[in-house]
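Peer 1: Predicted model, plus sequence, below.
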Amino acid sequence: MRRLNFRHGEDGYWLVQCPSLPGCISQGETKEEAEANIRAIIDEYIEVLEEQGLPVPEDVVEDEA
């Protein structure tokens with residue numbers, strides 16, 4: 001499971017991004033819908049990287065110390 005960042009947009013939609021996968025962003029009317037959408041995109045994103053023989057970035061969580 002990768003770290004996700006959620007933000008409630010001014011238009012009422014939830015925006016979500018996966019920081020470890022540049023450009024991997026989605027949205028949904030609810031937080032649950034946004035999460036389901038991004039999970040599908042993450043799977044496709046990783047599949048494309050693997051098909052192209054490119055490395056899959058690790059999900060690095062920075063310490064908040």
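Peer 2: Ah, there it is. Residues are numbered from 1 along each chain as shown.

Peer 1: Can you list the residue ranges for strands in the chain?
Peer 2: 5-8, 14-17, 25-28 (DSSP state E).

Peer 1: Give me whichever of those strands is most buried.
Peer 2: strand 14-17 (a mean of 20; mean count of other C-beta atoms under 10 Å). Just so you know, the C-beta spots here come from the backbone N, C-alpha and C atoms, and that holds for glycine as well.

Peer 1: mind checking how far the residue nearest the centre of the chain is from E29?
Peer 2: What sits nearest the mean C-alpha location of the chain, by C-alpha atoms, centre = their mean, is C18, with 2.9 Å. Separation of C18 from E29 (C-beta to C-beta, to the nearest Å): 19 Å.

Peer 1: buried stuff in stretch 38-54?
Peer 2: By neighbour count on 16 or more other C-beta atoms under 10 Å, the buried set for stretch 38-54 is I38, I41, I42, Y45, I46.

Peer 1: For it, list the C-alpha coordinates in PDB.
Peer 2: Only the C-alpha atoms of stretch 38-54 are listed here, as PDB (Å, rounded to 0.1, in the frame of the first residue of the first chain):
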ATOM      1  CA  ILE A  38      -6.300   6.400  -7.300                       C
ATOM      2  CA  ARG A  39      -5.800   2.700  -6.400                       C
ATOM      3  CA  ALA A  40      -6.800   1.700  -9.900                       C
ATOM      4  CA  ILE A  41      -4.500   4.300 -11.400                       C
ATOM      5  CA  ILE A  42      -1.600   3.200  -9.200                       C
ATOM      6  CA  ASP A  43      -2.000  -0.400 -10.500                       C
ATOM      7  CA  GLU A  44      -2.000   0.800 -14.100                       C
ATOM      8  CA  TYR A  45       0.900   3.200 -13.500                       C
ATOM      9  CA  ILE A  46       3.100   0.400 -12.100                       C
ATOM     10  CA  GLU A  47       2.000  -2.000 -14.800                       C
ATOM     11  CA  VAL A  48       3.100   0.400 -17.500                       C
ATOM     12  CA  LEU A  49       6.500   1.000 -15.800                       C
ATOM     13  CA  GLU A  50       7.100  -2.800 -15.600                       C
ATOM     14  CA  GLU A  51       6.000  -3.300 -19.300                       C
ATOM     15  CA  GLN A  52       8.500  -0.700 -20.300                       C
ATOM     16  CA  GLY A  53      11.300  -2.200 -18.200                       C
ATOM     17  CA  LEU A  54      11.500   0.900 -16.000                       C
END
